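Trainee: Below: sequence and its predicted model.
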Amino acid sequence: MVFFGKDQESQQLTDEERRKKRMKWTIGITAFVIFQVVQALFFILVIMKFKSPKFRVGEFDFQSLNTGTQASPSFDMTFVAPIRIKNTNWGPFKYDATTVNFVYGGVQVGQVAIPKSKANFKSTKKIDTNVTLNSANLPSTSTLASELSSSVITLNSQGELKGKVTVMFMFKKNKISQMNCTMAIDVSTKALKTLTCS
């Protein structure tokens, strides 16, 4: 008479162990694949999403501000302009030298140079530059006379910044940033009233 109880039990345990082992392997491989997919999606949707850095002028105080009268309208002013280049990319933004033009009524009344440099990844490059503006080149002062009567002068700062964003030392993309800021200056208090950039 032959008994198979123990052999069958050991066989069942072996099968159960194999099944559990296969399940562990399946779960492990599935988790690894999901992790790789999430990593790839993060890389594509976040890391490799190139954006144009923001090119702006920040708020400032005047060092000097002089204006004429309605009969003889004019202005001249000096201040330190805080130029800001905000790079939200996951790689540095290397840009070429450029200029920022200050405009009144469509006429350039001053200009500052921005030297070639770079804004590091996820950071803001700060450039403080001395600005001198005056109305000597205005062909007509009728608009200025009207603004002086309301004690508010409106200026614009305009510029274009060309450069290249580099991610992981090998993925590169050219980007252009535009500055277009409008500033309202209260000549009675000799202070910046509003500043908006688009």
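Mentor: Yep, that arrived.
Trainee: for the protein, what spans make up the helices?
Mentor: In the chain, the helices defined using DSSP state H lie at 5-42, 142-150.
Trainee: mean pLDDT for these: which is lowest?
Mentor: Mean pLDDT is lowest for helix 5-42 among the helices of the chain, at a mean of 71.
Trainee: what does stretch 176-191 rub up against?
Mentor: 52-57, 61-62, 65, 67, 75, 77, 85, 95, 100, 148, 151-163, 192-198 (CB atoms under 8 Å, 6 or more residues apart in numbering). (C-beta placed from N, C-alpha, C; glycine too.)
Trainee: Quick one: buried ones out of these?
Mentor: For these, a burial check counting by 16 or more other CB atoms under 10 Å picks out 52-57, 62, 65, 67, 75, 77, 85, 95, 100, 148, 153, 155-157, 159, 161, 163, 192, 195, 197.
Trainee: Verify the stated contact: W90 with V167.
Mentor: Yes. Between W90 and V167 there is a contact at 5.5 Å, judged by CB atoms under 8 Å.
Trainee: any weak-confidence spans in this protein?
Mentor: Counting by pLDDT under 70, the chain has low-confidence residues at 1-13, 37-48.
Trainee: Go again with 80.
Mentor: 1-21, 30-48, 169 (pLDDT under 80).
Trainee: So which residues of it form strands?
Mentor: Per DSSP state E, the chain carries strands over the ranges 54-57, 62-67, 75-87, 93-95, 98-104, 107-114, 117-119, 123-134, 152-167, 171-186, 191-197.
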